[in-house]
Structure formats: C-alpha cells, structure tokens
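Peer 1: Sequence below, structure please.
(chains A and B)
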There are 2 protein chains.
Amino acid sequence: MKKENPTPTMKDVAREAGVALGTVSKVVNGLPVGDSYKVRVEEAIRKLNYQVNTYAQGMKAGRTYTVALLIPNTQDPFFASLAHHINIALSRQKYRMLLCSTDFDSELEQEYVNMAQLNKVDGIIGLTYNPHLIVEEGTPFVAIDRPIGPRFPCVASDNFAGGQLAAEKLADLGCKNVAFLRTGSSLNSETNKRRSGFENGCLFRGLSCEMKILNDGDPYELFEEFLTDHIQNGKLSFDGIFCVTDRLAYLIIKSLKKLGLKVPRDVQVIGFDGIRYFGNEDYICSTIVQPVPEIAEMCVDLLIRENAPSKPPLVCLPVSYAPGGTTLDPAQHPHQED
Amino acid sequence: MKKENPTPTMKDVAREAGVALGTVSKVVNGLPVGDSYKVRVEEAIRKLNYQVNTYAQGMKAGRTYTVALLIPNTQDPFFASLAHHINIALSRQKYRMLLCSTDFDSELEQEYVNMAQLNKVDGIIGLTYNPHLIVEEGTPFVAIDRPIGPRFPCVASDNFAGGQLAAEKLADLGCKNVAFLRTGSSLNSETNKRRSGFENGCLFRGLSCEMKILNDGDPYELFEEFLTDHIQNGKLSFDGIFCVTDRLAYLIIKSLKKLGLKVPRDVQVIGFDGIRYFGNEDYICSTIVQPVPEIAEMCVDLLIRENAPSKPPLVCLPVSYAPGGTTLDPAQHPHQED
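Peer 2: Next up is the predicted model:
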C-alpha cells in the first residue's frame, strides 16, 4: 500500500512552491531571495506543514545547533541558576543545550571537549575545575569563572569590585574590625579576586581586617577554632565578617549561633553569590549578588557570535549588594534571628 | 518521492478522520473528547487498522544516545536536583542529556516531543504541566509526577503515603488539630494524592483536620487570612500544619512569625520535597523527603530498558520523613527560632 510520506521534505516544499531547492534552502536559512519567491516558499511550508529540520540544516552549514554546558552539578543553587539562564539564552538563539553535570569528573569533561573538537557539538560553555583539561586552539569554548587559556574568553562577575563592595557596606553599617573567610579550590580562579577586592576596600575605608583562608582538604572546624580564638568574655573581636560564598556564610552563621553570638546584632555577615530560598524567594543572607542572567547571555553571545573582530579574554560583569537579614541595614524586614 | 509507509501513524488517523492530531491523541490515550469526534476517530482507527501499542516501544535502531529532559526550570531546587540526578543516571548509561528548561512554554515542549518522534533524540523524560501536549503512540516518553496517558509510564514519589506519613508524624509529635494547605496547578497530578493521604492519616489517628486549598491564580494572602481567622486571643487553633511543598511551608512559617507565633513551639510545620540549604546542607524545614536519586534512576531505566515485557503505567517510590527544626522531634539540633 502506497501511503503519503508523513513528514514532508525540503524537496516537497520546492515542488509545491515551484521553485528550485536552493531557493527553499535560502528562505529556510534566512538568506535574501526575491519577495515573490519568499511568499511562495512560505505558503508551501505552511500548506505542507513542513518542519524545519535544524539538525539537517546544521549539516549544510556544518552545525549541530547544540552547545554543551560543563558544570559540576545542578544541585548547588548557583550552578542551577547558571544552567537555567544559559539554557534560556541558548533556546532564544535556537540552540539546544547538552547538560554535562561533571561531578568534578575530569574524564567526562575531556570527553565533551573532544566532542566539540570533532564538531559533534558547536561549542562549549564550561565552568570547570580541571587544570589538566586539554582544549585545542580554535575550539569554540567560553569559560566561566576559571580561565582556561588566554585565547579562550572567560566570563565572570566583577569579583574584585564585589569584595570591595562588601568592605564598603560593612563600613557603612558601622563595622570597624572585620574578617575575611574563604575556603574552596586553590586553583587559579576569578573568584580569588574577592579577597583582594575586600582587602582593598578595608584599606580604603580604614577597617582593620583579619584573614582566615582554608586550603582544599582542610576541615571546616578550623573556622570554628578561629572564631573561638577571637572571643573574649563572650564577645567576638570582629563586628563584621565577609565570607567568600553564601554557602560559607550560612555555615559560619550556624557556628556563630552555636557560640552564643547573635547575627546581625553581635556580628554582621555578608556572603557572595546572591542565593535565594527556593531560587526566587528571599536571600538566604546579606550578599553580593552575581548577575547570573547577564553572565549567561554574555557566554552565549561570545560563543555563537560570528565575525567578531576579536573576542575579549576576560569579561567582568557588575555585581550588586542585597541585604538579607544578616546585616543591620536600615528599614529592612525582620532579621534572621526573629 | 513517495515512500512506503509500513504502519499507519496517528497523523494518518487524524487525516482519515478529519480531526486534529491532538484529538486522536486524546482518544487513544483515553482522555475526554466530544462523542462525535470519538466515533470518527475510532472509525478511522478501524479502517486503517491502526495499531495502538500497549506500551512505549523500545528505542529504535539508529539511536542518538541522547535523551531530552523537559522540566520547567532548574532554579527550583527540586527540579535542579532531579535534573542533576537524571543527568548522572543517563551518563552512567552512556547517554547524553539535552536539557530543555521549558519555563512552562508549551510550544517548546511540543518541539522536543516532535524531535523524539523524528528520532532526533532517543526519548524524553518529562515533567510537564502542558495538558495539550501531543505525544504520539510509541514515542519513548517517561513522565514524572503528571501522567500524560495510560500507555506512558509515570514515575512519582508515593505521594499518598507521604501525606499519610505527615499526619502520623504530627500525631506522634502530640498534635490534635491540624491543617492542610495547598496551592499549585489544578491539573491532574500525582501530587494531588498528598492531600488524600493526609486526610486518611488524620482519620486513622483521630486528628481533627481543616483544609485550605488555593486554586491557580488565587493570591497567597488568602492563606494569611485563613491563619488570622483561626487565631483567638493570640492562640492558633491548629497545633500542626502540613504544607503541600517545602516552599509553601517556608512562606507559611514566615507568615506565622509575622502573626507573632513561634514555630515549632506554638505550631509544628511539615512540608514536602526534602529541600536542603544549598542542595546538600540542612533541611530547610521538617519535611517528607522525595527519593530524587531513585526517581531519576527509575525514569532512565524505564526509558532505555529494552525488551521489557511491559512497562508499568505508574511507579510510586517510597518517601521518608526528616526533621528540620520546624517540629518538636526529640534529640534534634537547635530549632529554627534559636
């Protein structure tokens, strides 16, 4: 039994419209053709309910219209938000996104990079902690936070300005003696600038500042020891603490409570990232907010923009401060402890 | 070029019956349509000898080793966790995952389903709120939480048991008068069973129970009115509240504090989902925990397992209870209010 082909091809469209196959291809790919041709092709597409096959379309132009996102996981709310906004930004440009939750698996990261080198995906956006990642020259790769080489663009928040802003806010809120706490990967990363920016801000505003930096593998308890060592007669010698992430701020606030200290009355705490309850409710703590939608847009733009005269090696996007109950900002909703 | 089509498709049935594809889909999946449409579709099915497959057939040859995940977003921590675990489970089976953050965009959802039907992806795992989604018979599709038709497997937590467990826990913790609060999509969904399970548990344990259900579009303030109406002389008439999600529990706890009530001393609150701070720290509230890794594994297994004699239409996976500071569980770490 002969049956009609349920999915019409570009050839069917050409036959229906009475034009050459190349004309259909041009219309479908948005290239200029005469108006009368365009109308005929579009009518035929509607009539046949022709579905533009972006994979086949990719073949012609040597594209898959697919981009891979390498990210440690999507459980961490900062990563989850990045994945969401990059997905949306790619979708707007008609690109699909392969999600690769690497779980810090270097082999998996390398596999996806190799896919890009074999043109199985059009490019990669990667937040990777793999110092041994081999990315061949010319691979379309945009890094987030950790630059992978001078010839690949890296997009990050303005971490230096963010550190500085945290110091200025603490000064504005009346702090005199502050501390900076950090943990995390010791790899070269843009996020390291949070510390320098904070030091700079403290210097500028005359704050006395102590640092406590944990290296990879150091136990969290060292922070509790550090805090305990700075308590005399039940009073902490710091009135402000800047933590390198909101997650660390969250843990530190728990430790401070255990030590009998009230946040923000006894000590004000600012984190970094801008994490909200359930992704879109209140901030979990007072925080320097990363511009996640803008980071996502910039990554996608740098990756897929064509004919760019040159791609900048590093793009830093502006951060902002948001009170979240762990600082004594005026006219704010109830503090955490209420 | 005409091609021979060995087996008639749902599209052929639609053409024969002179109805929209969606109408055929509804008839085939046992969803309500007008009687005259139903008769026409059934006649066309008989005439063309269209075979309704009893279960989603196994993956076809020429596979892409790519599965698409349809999910509203990855900002919501429950969705973020699902995306992560499904990504990991697929990766373990050497499958790649296209992430489609649908943002409740029905067109985008349909586009991905069409990709699966055109074999551009091997299958779909979908948590979708689109009641008009057209999924052709035989498309490899596994649904999460909201069944899309009796012939596609659906994976969910045991929501009924979860509701029941919440009632039992509140009873164990000394509650006598409890409330159930819910909001969210009014679509048919497995999550609706949380309410029935809770009612059942209350009945079984002799708890008096009031319900407050908001429909799509109702303002949150109705909950605050409901709570206010149940306060007499500064005392709430409920000693326990079960909220349909942790997010709602979080909002209700904020409202209770605003009303001058202490959680858990004055009223104990249990949510549903098992959301943790930063994805892996403490639970945000006392909660019925969904087994996300197990849901992910089950979805992947149902989708890619071959030669399965039959695929179950609904798989409900066991939930558990976790104290999170908003209940008076014995021997627990400090409560939220401390």
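Peer 1: surely A:Ile71 meets A:Ser81?
Peer 2: No. Using CB atoms under 8 Å, A:Ile71 and A:Ser81 do not qualify as a contacting pair, with a distance of 10.8 Å. For every residue, glycine as well, the C-beta is placed using N, CA and C.
Peer 1: Let me see the ranges of the helices in the stretch 1-150 of chain A.
Peer 2: A:10-17, A:21-28, A:35-48, A:54-61, A:77-92, A:106-117 (DSSP state H, counting those that start in this stretch).
Peer 1: what do you get for the stretch 201-338 of chain A?
Peer 2: Assigned by DSSP H, counting those that start in this stretch, the helices in the stretch 201-338 of chain A fall at A:221-229, A:246-258, A:292-304.
Peer 1: for the stretch 151-300 of chain A, what are the low-confidence residue spans?
Peer 2: A:186 (pLDDT under 70).
Peer 1: Near chain B, which residues of it are found?
Peer 2: A:246-247, A:250-251, A:257-258, A:275, A:277-281, A:284 (CB under 8 Å from any CB of the partner chain).
Peer 1: May I see those organised as TSV, with neighbour count and distance to A:Asp172 added?
Peer 2: Converted to TSV, these look like this (neighbours: other CB atoms under 10 Å in any protein chain shown; distance: CB to CB, whole Å):
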residue	neighbour count	distance to A:Asp172
A:Asp246	30	20
A:Arg247	25	25
A:Tyr250	20	23
A:Leu251	21	25
A:Lys257	15	25
A:Lys258	13	28
A:Ile275	26	22
A:Tyr277	20	25
A:Phe278	20	29
A:Gly279	19	29
A:Asn280	11	27
A:Glu281	12	26
A:Ile284	25	21
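Peer 1: re the thing from before, quick one: which of the helices of the stretch 1-150 of chain A is nearest chain B?
Peer 2: helix A:77-92 (3.7 Å; CB to the nearest CB).
Peer 1: Would you tell me whether that closest one gets close to chain B?
Peer 2: Yes. Against chain B, helix A:77-92 shows contacts by CB under 8 Å from any CB at A:Pro77, A:Ala80, A:Ser81, A:Ala83, A:His84, A:Asn87, A:Ile88, A:Ser91.
Peer 1: ok, back up a step: select from the helices of the stretch 1-150 of chain A the stretch with the lowest mean pLDDT.
Peer 2: The weakest mean pLDDT among the helices of the stretch 1-150 of chain A belongs to helix A:54-61, with a mean of 42.
Peer 1: re earlier: out of the residues of the stretch 151-300 of chain A next to chain B, which is nearest to chain B?
Peer 2: Once CB to the nearest CB is applied, the member of those that ends up nearest chain B is A:Gly279, at 3.5 Å.
Peer 1: wait, doesn't that closest one sit right on B:Pro72?
Peer 2: No. If you go by CB under 8 Å, A:Gly279 and B:Pro72 don't touch, sitting 11.0 Å apart.
Peer 1: Apart from its neighbours in sequence, what residue is nearest A:Phe198?
Peer 2: A:Gly163 (3.7 Å; CB to CB, 6 or more residues apart in numbering or on different chains).
Peer 1: helix or strand for the one you found, which one?
Peer 2: If you go by DSSP states H and E, A:Gly163 is part of helix A:159-172.
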